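[1] sequence plus the predicted model coming up.
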Amino acid sequence: MFFLLRMAFWLGLVLILLPSGSSQQPQGSQVAATDAISAASATVGDLRQFCARQPDACTVGSHVASQLGSRAQAGARMLYEFVTGTMKGKDGANANSARPVKPADGALVDKDSQNTLAPTDLTAPWHGPQPRKETKHAA
């Protein structure tokens with residue numbers, strides 16, 4: 001449903017921006033920029049007063065938005081757990097054995113992600129020769 005609304009919006013925007021094909025515009029269709037700006041500001045002002053006029057609609061809308069947010073968060077968590085379980089399954093590790101650990105500072109840390117660097121990874125990279133120091137000659 002939301003996809004159809006987005007498609008209708010973008011298609012309408014494209015159709016508005018396409019040239020009309022006729023070189024002459026009807027006399028009554030000219031709109032000044034100041035008129036368009038004042039109409040847009042009046043619309044925004046009207047939308048700001050919507051909750052004052054329809055408090056029940058705003059209450060229901062806020063509940064729906066919070067439920068959708070919690071469902072999206074739960075879905076993202078399930079997707080994350082599925083992907084991490086699949087990745088660990090490919091490595092031969094048991095997906096249930098690697099649970100996040102909560103250290104003293106409160107951040108979640110995965111046990112398997114600690115101390116995984118090889119000694120060659122810890123060596124300093126090659127930086128090349130140092131540039132020459134130029135000396136100033138008195139002339």
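    That came in fine, so what should we check first? Please read these numbers as outputs of a predicted model, since none were measured by experiment.

[2] longest helix anywhere in this structure?
    helix 55-90 (DSSP state H).

[3] tell me which other helices or strands it touches.
    Packed against helix 55-90, as judged by 3 or more CB pairs under 8 Å, 6 or more residues apart in numbering; DSSP states H and E, are the following elements: helix 50-53. Any C-beta I mention is one placed from the backbone N, CA and C, and that applies to glycine too.

[4] so which elements touch the helix it packs on?
    Using 3+ CB pairs under 8 Å, 6+ apart, helix 50-53 sits against helix 55-90.

[5] point out where the protein drops to low pLDDT.
    Low-confidence segments of the chain (pLDDT under 70): 20-29, 91-113, 136-139.

[6] the same query, at a cut-off of 90, please.
    1-55, 57-58, 61-62, 64-139 (pLDDT under 90).

[7] what secondary structure does P19 sit in?
    Assigned by DSSP: H, G, I helix; E, B strand; the rest coil, the conformation of P19 is coil.

[8] tell me the contacts of it?
    Shown in contact with P19 (CB atoms under 8 Å, 6 or more residues apart in numbering): no residues.

[9] quick one on the thing from earlier: and the longest helix of the chain, what's buried?
    Buried residues in helix 55-90, counted by 16 or more other CB atoms under 10 Å: K88.

[10] please compute how far that helix lies from its chain's middle.
    The chain centroid and the centroid of helix 55-90 are separated by 15 Å under CA atoms, centre = their mean, to the nearest Å.

[11] before we move on, what about stretch 37-45?
    Relative to its chain's centre, stretch 37-45 lies at 28 Å (CA atoms, centre = their mean).

[12] what does stretch 117-137 give?
    Stretch 117-137 has its C-alpha centroid displaced from the chain centroid by 39 Å (CA atoms, centre = their mean).

[13] same question for stretch 51-68.
    Stretch 51-68 sits 24 Å away from the centroid of its parent chain (CA atoms, centre = their mean).
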